[in-house]
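Participant: A structural model of the following input is requested.
(2 chains)
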Amino acid sequence: MAREHFQNLLRGLEQDLVGMGEMVIAAIDRSISALKNVDKVEAERVIAADALINRRRWDIENQCIQLFATQQPVAGDLREIVSFMDLITNLERMADHAKGIATIVVRHDQKPLLKPLIDIPRMADKSCEMIQKSLTAFITQDVAAARAIIEMDNEVDALYEQIFRELLTYMMEDPKTITRAVFLIWVSHNLERIADRVTNICERIIFMVTGEILGN
Amino acid sequence: MSEISIETRALNLFYGDFQALTGIDLQIPARQVTALIGPSGCGKSTLLRVFNRMNDLIDGVRVSGQVIIGGQDIFAPAADLLRLREKVGMVFQRPNPFPLSVYENIVFGLAVHCLARRQEYGGIVEQALRSVLLWDDLKDRLHHSALKLSLEQQQRLCIARVLPLKPQILLMDEPCSALDPIATLHIEDLMQRLKKEYTIVIVTHNMQQAARASDRTGFLYLGKLIEFDETAKIFTKPAQAMTENYISGRFG
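Facilitator: Just a heads-up that it's a prediction; the model follows:
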C-alpha cells in the first residue's frame, strides 16, 4: 500500500488521541472521588491537571494542521483528520466539565455532603464508559457501535432527571439544604453535558466513515 | 444538470485489438471545467482526443457508440471534421506555438478557416491576447517570435490561438505539466476566467489540480469511467472505493 509514511502519521495521531481520552476519563473519575470524599486538595489537583489536557489538545491540533498542509488529505483521509480536530475539541470540553465538578468541590468547602452519592457516581461511570467506547469505535471505524453509544445517552439523561427531582424534594422540605443541593445539581449537569459531548463524537464517527452528517 | 456540451453514449474505442475505452456514458456540462483523472494508460487522454477526433490519425482506431456535440454525432458519416475542430479547440502538454510571430500564431487559424477579413485581424489579436491576460505583456512584441516567450506565456498563447475560431469547447491535455507551480496556478486562474464562455475539459495527472480547478471530475480506470461527479464530492466523499483509493494515493 502506498503512503506508508502518511498512514504512520495517522496511527501516531490515534495513539495521542487515545492518550488524551484516558486523561479526560481520569479527570472525571478523580473529580467524582474528590466530591465523594469532599477532598479539596484532590479537587485542586484535578483543576491543575486540566492545563495538561489543553496542551495535549493543542499538540494534536497542530499535528492535524501539519497533515493538512503537507499531505493534502482527501476523501476518507480528509474526513478522518477533520474528525480528529472535532474529537479533541469535544474531549477538551469534557475535561472542562471535570474541572467544573472539581471547582464545585472546592466551593463546597469541606462541608459534609447533603446525602450519600448513589446516582452521581453511576452517571459518571456511565459517561466514562461512553467515552471509552466511543474512542474504540473511532479507532475501529465502527458505525454500529457509534449508534449504540448514542442510545446510551438516554440512560444518562434519565439519571440526571432522577437526581434533579430527588434534590428538588430536599430543597422543598428544607431551604437550608438549597446551597448543597444546587452544588450537586451542578455536578450532575456537568456529567450530563459530558455524555452529550460523547454523542457528538459518535456522530462524528458516522460522518468519518459514511460522509453523512447526522442531526441538525 | 444544466446544459450539456458533450455527451457520450456507450462509447468504445479500440486501438487494433486493444480496447482503450469501454462503454463510456458521460455528460459534460457547458461552461464548466471538467477534469479527467486516472492512472497512466487509463484512457483519459484517449477520451479527450475523441472529442475532436484526433484519434482518427492513428492507424487501426475503431470507435463505436456516439459522441454528441452541439446536437450532432461527431462520428456520423456526414459529420464535418473541419467544422468540429473549429468548435473544439485543443491545448497540449508542452506549449507548441508555431515558429512564427505572436501575431501570426493567433491569426493562423483565421487564415486557414477563412473566418475573418484581414482588416479585422488587429482587433481579434488584441481580444484573444486580452482573454489570456497576455496583451499588456506582449502588445509591443507582437511581431517577435513566439518561441522567445517564457513557457507560461507560450502556453497562454496556445490557448489564445484557439479563441479566434470561436470554439465552444477547449480541450486541455496536461496543460500545466511543463510549467512551474506558479505558472500552473496562473493557468488554472485563466481556466476559471475562460469557463464563463467556454466548456473546458482538462486531463491531469495532478489530483490537486483537478480538485482546485475543476467543477466536475471523472475518474477513469482501465478504460472505464468509474465515477463522474461534482469535484467537491469526489474529493470529500467519493461513491466508489476505487476512486477513493486512487485520489488518496493508495494505488496508481
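Participant: Show the contacting residues for residue 81.
Facilitator: You didn't say which chain, so I picked chain A. Residues counted as contacts of A:Ile81 (C-beta atoms under 8 Å, 6 or more residues apart in numbering or on different chains) are A:10, A:13, A:64, A:67-68, A:73. Yep, even glycine has a C-beta here, placed from its N, CA and C like the rest.
Participant: Let me rephrase: I mean chain B.
Facilitator: B:53, B:56.
Participant: how close does it sit to B:Val88?
Facilitator: Distance of B:Leu81 to B:Val88, given as C-beta to C-beta, to the nearest Å: 11 Å.
Participant: Is the residue nearest to B:Glu174 when sequence neighbours are not counted in a helix, a strand, or coil?
Facilitator: The spatial neighbour of B:Glu174 that comes closest, neighbours along the chain excluded (C-beta to C-beta, 6 or more residues apart in numbering or on different chains), is B:Gln93 at 4.2 Å. Here B:Gln93 is coil, with the state taken from DSSP: H, G, I helix; E, B strand; the rest coil.
Participant: where along the stretch 51-200 of chain B do the helices fall?
Facilitator: B:81-87, B:102-113, B:121-131, B:135-138, B:151-162, B:181-194 (DSSP state H, counting those that start in this stretch).
Participant: so which of these is the most packed in?
Facilitator: Of all the helices of the stretch 51-200 of chain B, helix B:151-162 carries the top mean neighbour count, a mean of 23, counting by mean count of other C-beta atoms under 10 Å in any protein chain shown.
Participant: send the alpha carbons of that one over as CSV?
Facilitator: This file holds the C-alpha atoms of helix B:151-162, laid out as CSV (Å, rounded to 0.1, in the frame of the first residue of the first chain):
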residue,chain,number,x,y,z
LEU,B,151,6.9,28.6,-21.2
GLU,B,152,3.9,30.1,-19.4
GLN,B,153,3.5,32.8,-22.0
GLN,B,154,3.8,30.2,-24.7
GLN,B,155,1.1,28.1,-23.2
ARG,B,156,-1.2,31.2,-22.8
LEU,B,157,-0.5,32.0,-26.4
CYS,B,158,-1.5,28.4,-27.4
ILE,B,159,-4.8,29.0,-25.6
ALA,B,160,-5.2,32.4,-27.2
ARG,B,161,-4.6,30.9,-30.6
VAL,B,162,-7.7,28.8,-30.3
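Participant: and that helix, how far from the chain's centre?
Facilitator: 13 Å (C-alpha atoms, centre = their mean, to the nearest Å).
Participant: next one: stretch A:201-212
Facilitator: 18 Å.
Participant: ditto for stretch A:87-103
Facilitator: That offset, for stretch A:87-103, works out to 6 Å (C-alpha atoms, centre = their mean).
Participant: before we move on, the earlier item: quick one: the residue nearest to B:Glu174 from B:Gly65, how far?
Facilitator: B:Gln93 is 26 Å from B:Gly65, by C-beta to C-beta.
Participant: How about B:Ile202?
Facilitator: On the measure of C-beta to C-beta, B:Ile202 and B:Gly65 end up 22 Å apart.
Participant: any idea which residue sits dead centre in chain B?
Facilitator: B:Leu171 (1.3 Å; C-alpha atoms, centre = their mean).
Participant: So what's the gap between stretch B:79-95 and the chain middle?
Facilitator: 9 Å.
Participant: Pull the number of nearby residues for the residue of chain B found nearest chain A.
Facilitator: At 3.5 Å from chain A, B:Lys237 is the closest residue in chain B, using C-beta to the nearest C-beta. Close neighbours of B:Lys237, defined as other C-beta atoms under 10 Å in any protein chain shown, add up to 18.
Participant: In this structure it contacts A:Gly211, no?
Facilitator: Yes. Judged on C-beta atoms under 8 Å, B:Lys237 makes contact with A:Gly211 at a distance of 3.5 Å.
Participant: And for chain B, the residue most distant from the center?
Facilitator: Per C-alpha atoms, centre = their mean, the most distant residue from the centre of chain B is B:Gln119 (30.0 Å).
Participant: For chain B, what lies in contact range of chain A?
Facilitator: B:207-208, B:211, B:234-238, B:243-244, B:247-251 (C-beta under 8 Å from any C-beta of the partner chain).
Participant: Can you list which of the residues you listed are found in strands?
Facilitator: Using DSSP state E, no member of these sits in strands.
Participant: just these now: which is nearest A:Val106?
Facilitator: B:Thr236 (45.6 Å; C-beta to C-beta).
Participant: What count of nearby residues applies to the residue of chain A found nearest chain B?
Facilitator: Nearest residue of chain A to chain B, counting by C-beta to the nearest C-beta: A:Gly211, 3.5 Å away. Residues near A:Gly211, counting by other C-beta under 10 Å, number 16.
Participant: Also B:Ser145?
Facilitator: There are 15 residues near B:Ser145, going by other C-beta under 10 Å.
Participant: List the contacts of it.
Facilitator: B:99-101.
Participant: Spell out the secondary structure type for A:Leu117.
Facilitator: Applying three-state DSSP: A:Leu117 is coil.
Participant: ok, it - contacts?
Facilitator: A:32, A:35-36.
Participant: now the stretch 151-252 of chain B, which segments are flagged as low pLDDT?
Facilitator: Low-confidence segments of the stretch 151-252 of chain B (pLDDT under 70): B:252.
Participant: re the thing from before, need the overlap of contacts for B:Lys237 and A:Gly211.
Facilitator: By C-beta under 8 Å, 6+ apart, the residues touching both B:Lys237 and A:Gly211 are A:Arg79.
Participant: looking at the contacts of B:Ser145, which has the most residues close by?
Facilitator: Result: B:Ser101 is most packed of those (other C-beta under 10 Å), 18 neighbours.
Participant: Now that residue. Nearest residue, chain neighbours left out?
Facilitator: Nearest one to B:Ser101, counting by C-beta to C-beta, 6+ apart, is B:His143 at 4.7 Å.
Participant: burial of that neighbour, as a residue count?
Facilitator: 10.
Participant: residues touching it, list them.
Facilitator: B:101-103.
Participant: Columns pLDDT on top of these, output as TSV?
Facilitator: Listed next are those as TSV, based on pLDDT from 0 to 100:
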residue	pLDDT
B:Ser101	96
B:Val102	96
B:Tyr103	95
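Participant: burial count for residue 173?
Facilitator: No chain specified, so I'll use chain A. A:Glu173: 9 neighbours (other C-beta under 10 Å).
Participant: not what I meant, chain B
Facilitator: Using other C-beta under 10 Å: B:Asp173 sits among 20 other residues.
Participant: Please determine how far the nearest residue to it once chain neighbours are set aside is located from B:Lys44.
Facilitator: Using C-beta to C-beta, 6+ apart and skipping the chain neighbours, the partner closest in space to B:Asp173 is B:Val203 (4.9 Å). Relative to B:Lys44, B:Val203 is positioned 5 Å away (C-beta to C-beta).
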